[in-house]
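J.: What follows is a predicted protein model with its sequence.
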Amino acid sequence: MNIAKKRRARAIVVALAAGSLALTGCSSGSKNTSEGSNTDADAAKQQAVIPLGDAAASQGPAVEVPGAKPGGTIRVYQRDNFDHLDPAQIYVSDEGLLATLYTRQLTTYKTDKNGKKVLVGDLATDSGTVSDGGKTWKFTLKDGIKFEDGKPITSADIRHSIERMYAKFITDGPTYVQQWLSGGGTEYRKALPDGPYKGKHLPDSTLETPDDKTVVFHFKDPQPDAPFALAMAAYGVVQKSKDTKEKYDAAPQATGPYKIESFKPGKSMKLVKNENWDAKTDPFRHQYVDGFDITFNHQASDSTKRLMADHGEAKTALSFTNAVDPLQTREVLQDADASKRVVKGYQPYVWQMNMNMDRIKDKKIRDAITYAMPNKQILGLNGGSYGGEVAGGLMAPTLAGYEKGYDPYGKLKKPNGDPEKAKKLLKEAGKTNMKIVYAYANTEANQKVSVVVEDALTKAGFDVQKKEVDSASWYAQMGKVKNGFDLYMTGWGQDWPSASTVIPPSYDGTQIADGASNYSHINDEHVNSEIKRISRITDIKESTKEWQKLHHYIVEKVNPAAPVYYTKQLQIYGSKIGGAEYSDTINYIDPTRLYVKK
Amino acid sequence: MSDETTTLEKSVPQPRDSAPGEPLLEVKGLTKHFPIFGGFPIKRKVGAVKAVDGLDLAVHAGESFGLVGESGCGKSTTGRLITRLQEPTDGRILYRGKDITHANRKQLMPVRSEIQMIFQDPYSSLNPRQTVGTIIGGPMEINGINPPGGREKRIRELLETVGLNPEHYNRFPHEFSGGQRQRIGVARALALEPKLIVADEPVSALDVSIQAQVVNLLQKVKREMGIAFLFIAHDLAVVRHFSERVAVMYLGKIVEVGDRDSIYNRPRHPYTHALLSAVPEASVEEIEGEGRERIRLAGDVPSPVNPPSGCRFRTRCWKAQDKCATEEPPLVQIGGNRDGHLTACHFPEDPTTVRDEAVILDPALASLETSHTDD
Amino acid sequence: MTTLTQTEGTPAPTGADPFLSVRDLYVRFSTEDGIVKAVDGLSFDLERGKTLGIVGESGSGKSVTNLSVLGLHNPQSTEIRGEIVLDGQELTGAPEKTLEGLRGNKMAMIFQDPLTALSPYYTVGRQIAEPFIKHTGVSRREGRLRAIEMLTKVGIPQPKLRVDDYPHQFSGGMRQRAMIAMALICNPSLLIADEPTTALDVTVQAQILDLLKDLQQEFGSAIIFITHDLGVIANMADDILVMYGGRAIERGSVKEILTTPQHPYTWGLLSSMPRLSSDIDVPLHPIPGTPPSLLNPPSGCPFHPRCAFTDKVDGNRCSGERPALPAGRSAACHLTAEQKQSIFIESIQPRLG
Amino acid sequence: MLQFFLRRTLGAAVILILISAFTFFLFFSIPQDPALLACGKNCTPDSLKIIHENLGLDKPVPVQYLEFMRGIVMGRDFAVGPCPAPCFGYSFANNQPIFDTILDRFPTTVSLTVGGAAVFLTLGLGAGMLAAWKRGSLIDKSFSSASLVLSSMQIYFLGPVVLGALVYSTNLMDSPKYTAFTENPAAWFVGLLIPWMVMATIFTANYTRMSRSTLIEQLQEEHVRTAKAKGMSGKTVFFRYAWRGSLIPIVTIFGMDLGSLFGGAMITEQTFSLAGIGRLAVDSVIKTDLPMIMGVMLFTATMILFFNVIVDAAYAFIDPRVRLS
């Protein structure tokens, strides 16, 4: 998952909606505020490395949801349109979540009987067989897996699905597998410039399909994360004969338990049962409800009000991705009825205050800023304890290798900042009254944040120059190498629970370029070489440990960005919805478990 | 072209009661066409309201020249053209021999102060937010004139001249009656000691009993200050009372011009006859229907967009013949006219005032009256 | 007739009962500025087939009088007292339904500005036919035929075509003809013409005046002709009522009023207007001052502030005592008959030329 | 009449071309790369370049504009396949054909606008007539004060209040929802009732006052007095003569209100979570989705121009002076 797509249109809007001070510190007295224990437990589950499941674990059907009954239709209130339905174009949480209902990949996550997360085979019989020092991954397809039209899914379809991602019209999705197969950057596109559409294919030395059931990936380098990458919605299977290229984006073939019956962009979508989905082949999905009736344009305030009121159709409704409106959070939690109908959990994002290392070269100054940062106040302006929690480091609680309590700058102890210490450091650096250019997006919440940040930095002895930037082009402007700012807040989330999807894109000094996500422009020899080294470690447990170490080095020795807060999500659902459970891989309520209570 | 020049020469006679020499104001071939837009697909000029169509006249220093005619004849437009409130389409306006037809603001400056205008509506022609002093002082301020003793003194003098209380210097127009407002208008016109005042229907918006007050005031101003007037009005009696020379306009053209006596007592143009006969008189003769012509034209004045060919009056004229439709009668001194009495008619009436038999052109009247006599 | 509240006397009795009789009419309406005493004790009679000219300047109450005859005043803000008897029927206080039945039927009105007085939204024919259809109950088709007939009568060319025109397609004179057609369509016994030619050109005015006279002869209507123009009234009326400040101040036949006027105001009116035949070199003789405000009319004789002859009357009678208008040929003035005659002969008549 | 419509159509075309050019060039004057929209993670200059080529953003802006405009008239060929005229291109954001999306959203906005207008015209004119008829009465006074209060209500304030009162807390009505009229007229009506009412509130208040005052003005017109003098009954005078005249200023104001009516519809869509053009407009601007912005602009402008023609036709219908000159 990644915030990068969200960043232009969405993250900003999230922040906008969360623009109230009402929740700051107010929730402590209310009865339903046990957020501590249960999310800690969730995080604890997540910080462990997810094991790769075997063939047995990969078999369907999924473990029944207690009390679940088939039938009924669920109403879904969504804020934003699903811009992409073509799996290859999917990189956002909203669409990723939807994809779990209609598309299947080689691998997927499931939760075992003990509540542990496991990566298992989805279309594949298991999570893959590795050889050649981690360079070759072999997957065998299950029997009885079919497309919406009843045609069996074959290895040729998998090949087609991968090859079409080389075509020019696929621009929005992730590029991990393509790059691993054919080269980094946009280099990989040269291997198959027109995709599979003009009769050309990747050579067997890259992608091999020896028979109808077998797919072999030959990566250029060892790729221990390959099963994780292939679990992304983007690597969902596309039937060659039904591939309509660009048009596929609006009308994809289903392989999952539901198919798209109708879709009016920006307005509504209807999902109905896919009769050609066989529960026996699926280790994770269910098909309890008859369908989903989705409408868009529901702001968080609207969906929250409807679900809280719980009248009529709202009883069997929820929102896949809308959080409880921060302004109504307290109301929801204090309502005896509504408070029973909420779930909460971590989102995979970390908000960090980037310090432009091209401009602020002295670490003492960066440390001073980090100490000065009023994390709790900033969080307060973004939903308070239901919008997230104060971050001590740069790895999210949902990431393997997250360490609870890691807090080298004392942000947990002094969540409102330590101006004295900051002042002292600044003095040591000989830069008292240093001019610092602080950029923020022109949304209501960010404008409020800018005030507390300015205040805190001023107290610490900085001369803050505020620069307001249009929220729509926020990431585009921050992404410029010569952006002209010292300080700016960005958010980043993992693509799968591995630091390999966080640390390299954010802190690899060789990747600094316009539009790239190394926003603080950190370019540290040690970090660069460690990223290269750890990326090749095939043992995930080993690499997780190494990432952890590198994370410590980055935070403590380089400090390119002050950690601000980890994001959390509170969701509410109608009273007749059963099976609502927060999923720590989807990072929302798991839609496949839902049923309608009779 | 030669025709026009002869007409022109003849149209500028030396009236008996005005000083000989160069006229104060001379207008030659004055024309104003208001374009009409329409058509498809792109709007363009499709015609014109020929409000004034080749007008010649001259006003001499100190004389009052009356311009009469019915609505739409172009008399008010003529006034606005001469005062340069509107731009003429064609023709020339000479003031003291100087061509001011297209003079710009700066060139017009010295002339502006010498030609002033009095408007019809005393209610809308005065700015309601200005005091009387400001209104009357306005022209002085614009023209940068500082009379000896100061502007205020001069304004108070002017108020006195027009018969208003100088104490009312600081009052606003709404505190005055219609007649008083018109006096303010006169005072404003006098402020710059003009040589010529163009008065456009100066009394027609006033009550009968008040009209006389203003007419007398204008008369006094004219006599005492030697100001020439271009007096535009539809009321023939008022014009007769005030103007030494009179021109009768019909559909943008002068049909007859001459001294007062010629026009009122020996008119030649049928239209002048019709006009005079239509004026109701509060006299015993009127009650008994004796002693005056009775001419009842048919219908209304035709549209100035498409004026009739030839003589413009021919469509309502009882003497019209074929020639009238084809040939436009020149404005000339026809046989039997006195010097300076010009008539534009192919078949003029006799110079006797009274027609014995009534001319009834109105079909409804004709039929009603026939049916009554049949009874 | 000495008390202030006493009204002007009754006109000379005529053989038969007058067709229209107005007695002691008071009309007051409240405005934001106060109570306007628009008509203050007015009485007059009108016989069938005759024309009564009412002369006065703006604010003399002449138009208000006639609107109240038809009951067209705003009932909420207007107070009316007195008697209006039309053909034996009392109109003041009559129910609206009764008045509706009379308006446009037995009594009709012609307004000053035919452009604004005709609705721009309906065809001339429809507007003309409307009262006929309403009052006679004929069909629309018959109404239309009657409208065409009326248009023919008032001299509209091609009436069958023009009947479907809208008022703005008519010229000013034609519109006034249409108004006349509309007023006469039900053959009214009483026609009130309120400045019907003021908005028209002089040649058209002459046509319309003649037309009205001729039609009156045909229809036999009684006409109340309201105007400020003494010339027009001379042309039209049999009798004249001169109004000033909401009151009638002189009454008489046309000839009497024009040749031997008795009231200083009438003298003023006559001598202040230029005529085609008057001397040109003498100045006009205007009435000094301005017409009175009806919000606060002068005490006594309403004309006294502008009157040049108050000094000929003993004491403060002019400002203190309201002169009565005796019956018949008379003027409401405190001057004695001899004074009036001598003043008129010595100083007024020479001015009239 | 035909000439009138031809002329208006021609004029409208010119206006639309101006609007489109203005929008197009304005779009490119902001320092924001629309390609970012289609560029996922690891968005490098190289991948941006590919997207530029895909979207045609590598061509000079005037060329892009001409191609866009040509597409509307003659259709265009995209990599996806032919796009028949009127082709507004494909959305940068979701690769959907613009024209289809707009056509899909349009009924909602039109239903809101037309329905809202019907509500406020009926209520506003009705109340105004009643107030003018009973001038000075208690009804008149209470209408006047009510309209004063209501005219200060804003959709975004009133909307949630009404929703709270009628939907969330009392459950008297369902949440507003758009159902196609052709599908289920009753559901269409019921689903849009609340938005119509809320949207019409301010307008209703204004039109009540306006209709009252113009009627009172008209009742003092001379031709109305003439009608009375003809013996027409009070009702005839009021409804046939005065009312018709009072419509002209109302139609004039209505013509001027069209813009704000559409604006109101857009706010209403946001307030009630209805998917119409308004929502589309906001989204497309936030996402810098050029073809969608262009499509929405042109459609809305066309709509406003179209309604303006209707308003002009209404003039001609009400006032023969307009018809014949």
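T.: Thanks, I have the structure now.
J.: low pLDDT regions in the chain?
T.: Answering for chain A, as no chain was given. A:1-47, A:472 (pLDDT under 70).
J.: Switch to chain C, please.
T.: Ranges of chain C meeting pLDDT under 70: C:1-16, C:353.
J.: Centre-most residue in it?
T.: Note on chain C: the residue nearest the mean C-alpha position is residue C:226, at 2.6 Å, using Cα atoms, centre = their mean.
J.: Please give the element, helix or strand, for that residue.
T.: Here residue C:226 sits within strand C:222-227, counting by DSSP states H and E.
J.: what helices or strands is the next helix or strand after that strand leaning on?
T.: Counting by DSSP H and E, the next helix or strand C-terminal to strand C:222-227 is helix C:230-236. Applying 3 or more Cβ pairs under 8 Å, 6 or more residues apart in numbering or on different chains; DSSP states H and E, we find helix C:230-236 packed against helix B:284-288, strand C:51-55, helix C:202-219, strand C:222-227, helix C:254-259. (Glycine included, C-beta is placed from N, CA and C.)
J.: What lies in contact with helix C:230-236?
T.: Here helix C:230-236 makes contact (Cβ atoms under 8 Å, 6 or more residues apart in numbering or on different chains) with B:208, B:279-283, B:286-287, C:51, C:53, C:55, C:197, C:205, C:209, C:212-213, C:223, C:225, C:227, C:240, C:254, C:258, C:269-270, C:273.
J.: ditto for stretch D:217-225
T.: Against stretch D:217-225 from outside (Cβ under 8 Å, 6+ apart): C:72, C:111, C:113, C:116-120, D:132, D:237-238, D:241-243, D:245-246.
J.: Out of the residues you listed, which are close to chain A?
T.: The subset of the contacts of stretch D:217-225 within reach of chain A, by Cβ under 8 Å from any Cβ of the partner chain, is empty.
J.: Relative to chain A, which of those residues is nearest.
T.: Relative to chain A, the closest of the contacts of stretch D:217-225 is residue D:246; by Cβ to the nearest Cβ it sits at 39.1 Å.
J.: got any ranges where chain D has weak pLDDT?
T.: Applying pLDDT under 70 to chain D flags residues D:1, D:31, D:40-42, D:79-81, D:324-325.
J.: what about the residue nearest the centre of it, which helix or strand?
T.: Residue closest to the mean C-alpha point of chain D, counted by Cα atoms, centre = their mean, is residue D:262 at 2.7 Å. For residue D:262, the host element (DSSP H and E) is helix D:243-271.
J.: Let's verify residue 237: helix, strand, or coil?
T.: Unless you meant another one, I'm taking chain A. Under DSSP: H, G, I helix; E, B strand; the rest coil, the three-state class of residue A:237 is coil.
J.: what about it, neighbour count?
T.: By other Cβ atoms under 10 Å in any protein chain shown, the residues close to residue A:237 number 24.
J.: same thing with residue A:527?
T.: Residues near residue A:527, counting by other Cβ under 10 Å, number 22.
J.: for residue A:211, same thing?
T.: 10.
J.: Phi and psi next, for it.
T.: With angles defined as degrees, to the nearest 10, residue A:211 sits at phi -150, psi -180.
J.: and if you look at the one 5 residues further on?
T.: Backbone torsions for residue A:216, taken as degrees, to the nearest 10, come to phi -120, psi 130.
J.: Please give me every residue in contact with the closest residue in space to it that isn't next to it in sequence.
T.: Nearest-residue entry for residue A:216: residue A:208, 4.0 Å, with adjacent residues in sequence omitted and distances by Cβ to Cβ, 6 or more residues apart in numbering or on different chains. Neighbouring residues of residue A:208 by Cβ under 8 Å, 6+ apart: A:214-216, A:218.
J.: Among the contacts of stretch D:217-225, pick out the one closest to chain B, please.
T.: Nearest to chain B, judged by Cβ to the nearest Cβ, of the contacts of stretch D:217-225 is residue C:113 at 13.2 Å.
J.: is it true that the closest one touches residue C:199?
T.: Yes: contact criterion Cβ atoms under 8 Å: residue C:113 and residue C:199 qualify, at 4.8 Å.
J.: give me the residue from the stretch 151-300 of chain C nearest chain D.
T.: Taking Cβ to the nearest Cβ, chain D has its nearest neighbour within the stretch 151-300 of chain C at residue C:166, 4.4 Å off.
J.: List the contacts of residue D:240.
T.: Counting by Cβ under 8 Å, 6+ apart, residue D:240 makes contact with C:122, D:227, D:232.
J.: if you set the cut-off to 10 Å instead, what comes out?
T.: C:119, C:121-122, C:130, D:224, D:227, D:232-233 (Cβ atoms under 10 Å, 6 or more residues apart in numbering or on different chains).
J.: and of these, the nearest to chain A?
T.: residue C:121 (44.6 Å).
J.: Please give the element, helix or strand, for residue 307.
T.: Looking at chain A here, since you left the chain open. Applying DSSP H and E, one finds residue A:307 within helix A:300-309.
J.: my bad, chain D
T.: Assigned by DSSP H and E, residue D:307 falls within helix D:290-318.
J.: That concludes my questions; thank you for your assistance.
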